[in-house]
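Colleague: Here's a sequence, model it:
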Amino acid sequence: SDSSSYSKQRRIASIMTRKYTRADPGSSSSCFNMFLGRDGGKAVQDIYLGKHGRDSSILSTPNLAPAAMQPDIENDDLIVKEMNALSLQERQRVYEDIKAYQNDDLIVKEMNALSLQERQRVYEDINGVSECFKETPELVDEKLTLMESEIKKVKQRSAYEKAKFLNPQYVQDRDFRLMFLRCDEFDERKAAHRLVCFFEYKLYLFGADVLARDVTQADLGEKESSLLHREYFQVLPELDGAGRMVLVEFTEKLVCESFVHLVRVNFYCIMQLLKNVTLQKQGVVVISFECYGNKFSMSMPFTVDVAIMATKSCCAIPIKVPAFHFCYNDPGIAPMMSLVKLSIGKAGRMRFRAHFGSETECRYKLMSYGIPIQFIPTKLGPDTPEALQYIAWLDEVAMREELEAMANTDIIIPSSIDVIKGRGRIFQEHEGNRRLQRIVAERYGEYEAAFRTDKTRMFVGMIQELKAGGTRFLEKSEDGKDWVEMNDMDARDKISSAFRNKRLLDQYHQSHSKA
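Modeller: I've put the predicted structure just below:
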């Protein structure tokens, strides 16, 4: 009887999907259908940003009453009668099946557009039988050269140029760039765009001070550090059938006030994992367990901004995800599952598999994909072996970061409060130089009223005040590769030049205002 009841639910869902998905433009179901058929980030912006505003949550649980499923459903007496005969749980299952039909249609359409070889690669990636891309030293050298040419073709690359200006060794590091090539199967054009997006995304998340170096635990805030230590994700000690690492996420451990906090923590963790060359080459299989143990709840809404940020993350971070398994037991989060599919892009969408059912059912489904389910934690908590191992890994990484910072004290990277010497727009727009210009403007009256000897004492006092606040006066070394600190005389000349430039600028404005 359970089998026949479920078959009837599937039949109802099938009929409703085919006949009633073209709802009126104002309905939420219509919006989902529209953006499910278009590119993730742009579609979310076009539909929700334009129609419902930036703060609209798109995870509101739908009204599961039969007449509310679609505006025209009451015209079909048979479906209304059968829906009324279902329990609330069965009705929820129907709704979940409707969303599955819609998402399957999208994936089928995209899969049909692939060549036979590409389609076979997708199936192999998902089922854990794919082979690693074979790279040779000659191929790597060739692709790195072509990648540099492709980067120059990207018009909007201000964050990339800024990072390159601040620390060219970091940006042009061979191993660093190789991460992006491996992520995109040595497609130099895609890798170049991902590299540029990476710096734009990193600048947005962490600011200019961290742009040109690795992110460390010290760069995370107090709330982010707390979130990092909540062991909401685990790397399984055993590889899958294709020899790939497996990353498991548990949302019941995920409690945060801002999605930005979560993204910053994820960015840090992924970049730490990417230091493993094997992971760069083979990628990581991601498994997300939603709602098990607790109802899904986050203290911030799943808004359009969240969707756009998630899409940017997938476009920027150089990690290869050959398979993404989404396990859940609450039909009410089906809209979020659709949003996840949009956020991970076309390639990720075709490698996405959703598993609905109990935790045990989902584990057995994962086993058919070559996942070593015996290593997936069955219990979460601070005293479990998995949690203790995770905390020990974090402590080891933090200690390594401290040692590296001590060893690299001679390497200077300009911060947002440092004053740098040089000509050109990139020097003028540096945050530390702009800050100096504001200080000069505030004390310009004092400078104009002072005698020459008093001005010298004024400059010395300003240098001492700025250095006491952590400001450094920097210039390029003779070979132009590194940053070095200026001597006090050069720093005094830099401040004197700032005041003279202020005077010339005021005179220019006065002459043009009279004209």
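Colleague: Would you list the phi and psi of Ile371?
Modeller: As for Ile371, its main-chain torsions (degrees, to the nearest 10) stand at phi -80, psi 130.
Colleague: burial of it, as a residue count?
Modeller: Neighbour count of Ile371, defined by other Cβ atoms under 10 Å: 24. Glycine gets a C-beta too; all of them are placed from N, C-alpha and C.
Colleague: what's the closest non-adjacent residue to it?
Modeller: Spatially, and ignoring its direct neighbours in sequence, Ile371 is nearest to Asp240 (5.6 Å; Cβ to Cβ, 6 or more residues apart in numbering).
Colleague: which helix of the chain spans the most residues?
Modeller: Secondary structure assigned by DSSP state H gives helix 488-514 as the longest helix of the chain.
Colleague: Pull out the buried positions in that helix.
Modeller: Buried positions in helix 488-514, judged by neighbour count with 16 or more other Cβ atoms under 10 Å: 491-492, 494-495, 498-499, 502.
Colleague: what's the average pLDDT for it?
Modeller: When pLDDT is averaged along helix 488-514, the result is 85.
Colleague: And stretch 201-212, by the same measure?
Modeller: For stretch 201-212, mean pLDDT rounds to 93.
Colleague: Could you work out the end-to-end span of it for me?
Modeller: 13 Å (Cα to Cα, to the nearest Å).
Colleague: How about stretch 441-459?
Modeller: By Cα to Cα, the extent of stretch 441-459 from end to end equals 14 Å.
Colleague: which residues sit against that stretch?
Modeller: 440, 462, 492, 495-496, 499, 502-503 (Cβ atoms under 8 Å, 6 or more residues apart in numbering).
Colleague: for stretch 266-279, same thing?
Modeller: Where contact means Cβ under 8 Å, 6+ apart, the residues beyond stretch 266-279 that reach it are 179, 202, 205, 214-217, 219-220, 228, 233, 235, 245, 247, 280, 284, 313, 317-319, 397.
Colleague: ok, back up a step: can I take it that the residue nearest to Ile371 is in a helix?
Modeller: No - according to DSSP: H, G, I helix; E, B strand; the rest coil, Asp240 belongs to no helix; its state is coil.
Colleague: Quick check: it vs Phe250, distance?
Modeller: Applying Cβ to Cβ, to the nearest Å, the value for Asp240 to Phe250 is 18 Å.
Colleague: Which of the helices and strands in the chain ranks last by mean pLDDT?
Modeller: helix 28-36 (a mean of 30; mean pLDDT, DSSP states H and E).
Colleague: can you list the buried residues of helix 488-514 in a markdown table and add distance to Ser288?
Modeller: Shown next, in a markdown table, are the buried residues of helix 488-514 (distance: Cβ to Cβ, whole Å):
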| residue | distance to Ser288 |
| --- | --- |
| Ala491 | 53 |
| Arg492 | 58 |
| Lys494 | 52 |
| Ile495 | 54 |
| Ala498 | 53 |
| Phe499 | 58 |
| Lys502 | 56 |
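Colleague: okay but Val140 is in contact with Asp175, surely?
Modeller: No - counting by Cβ atoms under 8 Å, Val140 stays clear of Asp175, with 10.4 Å between them.
Colleague: For those two, indicate the residue with more neighbours.
Modeller: Of the pair Val140 and Asp175, Val140 is the one with more neighbours under other Cβ under 10 Å, namely 16 against 9.
Colleague: and the residue nearest to that one when sequence neighbours are not counted, what helix or strand is that in?
Modeller: Spatially, and ignoring its direct neighbours in sequence, Val140 is nearest to Leu178 (6.6 Å; Cβ to Cβ, 6+ apart). Assigned by DSSP states H and E, Leu178 belongs to helix 174-183.
Colleague: Please list the outside residues in contact with that helix.
Modeller: The contact list for helix 174-183 (Cβ under 8 Å, 6+ apart) reads 133, 135, 140, 143-144, 147, 170, 187-188, 191-192, 194-195, 198, 274, 280-281, 318-320.
Colleague: moving C-terminal of that helix, what's the next helix or strand?
Modeller: With secondary structure assigned by DSSP H and E, helix 174-183 is succeeded by helix 188-206.
Colleague: Nearest to the spatial middle of this protein, which residue is it?
Modeller: Centre of the chain computed as the mean C-alpha position; nearest residue by Cα atoms, centre = their mean is Ser313, 2.4 Å away.
Colleague: That one against Arg264, yeah?
Modeller: No - using Cβ under 8 Å as the test, Ser313 is too far from Arg264 to be in contact (10.6 Å).
Colleague: re earlier: who touches the residue nearest to the centre of the chain in this structure?
Modeller: By Cβ under 8 Å, 6+ apart, the contact set of Ser313 is 201, 263, 266-267, 343.
Colleague: In which helix or strand does it reside?
Modeller: Element membership for Ser313 (DSSP H and E) is helix 304-316.
Colleague: Which residue, other than its chain neighbours, is closest to Leu366?
Modeller: Nearest to Leu366 is Ile373, by Cβ to Cβ, 6+ apart, at 5.5 Å.
Colleague: got the contact list for Lys502?
Modeller: Neighbouring residues of Lys502 by Cβ under 8 Å, 6+ apart: 437, 440-441, 444.
Colleague: One more pass at 10 Å, please.
Modeller: Residues near Lys502 by Cβ atoms under 10 Å, 6 or more residues apart in numbering: 437, 440-441, 443-444, 447-448.
Colleague: how far away is it from His509?
Modeller: Going from Lys502 to His509 by Cβ to Cβ gives 11 Å.
Colleague: What of Lys202?
Modeller: Distance, Lys202 to His509, by Cβ to Cβ: 37 Å.
Colleague: what about Val154, neighbour count?
Modeller: Val154, neighbours per other Cβ under 10 Å, totals 14.
Colleague: Not counting sequence-adjacent ones, nearest residue to Trp483?
Modeller: Distance criterion Cβ to Cβ, 6+ apart; nearest residue to Trp483, sequence neighbours excluded, is Ile412 at 4.3 Å.
Colleague: gap between the residue nearest to Ile371 and Ile376?
Modeller: Asp240 is 12 Å from Ile376, by Cβ to Cβ.
Colleague: Now list whatever residues contact both of these two.
Modeller: Joint contacts of Asp240 and Ile376 (Cβ under 10 Å, 6+ apart) are 246, 366.
Colleague: The helix or strand harbouring Glu249 - contacts with which helices or strands?
Modeller: For Glu249, the host element (DSSP H and E) is strand 245-250. Here strand 245-250 touches strand 233-235, helix 259-273, helix 277-282, strand 284-290, strand 324-328, going by 3 or more Cβ pairs under 10 Å, 6 or more residues apart in numbering; DSSP states H and E.
Colleague: Can you mark which positions in the strand or helix carrying Val397 are buried?
Modeller: Assigned by DSSP H and E, Val397 belongs to helix 385-407. Applying a neighbour-count criterion of 16+ other Cβ under 10 Å, one finds 386-387, 390, 394, 397, 401 buried in helix 385-407.
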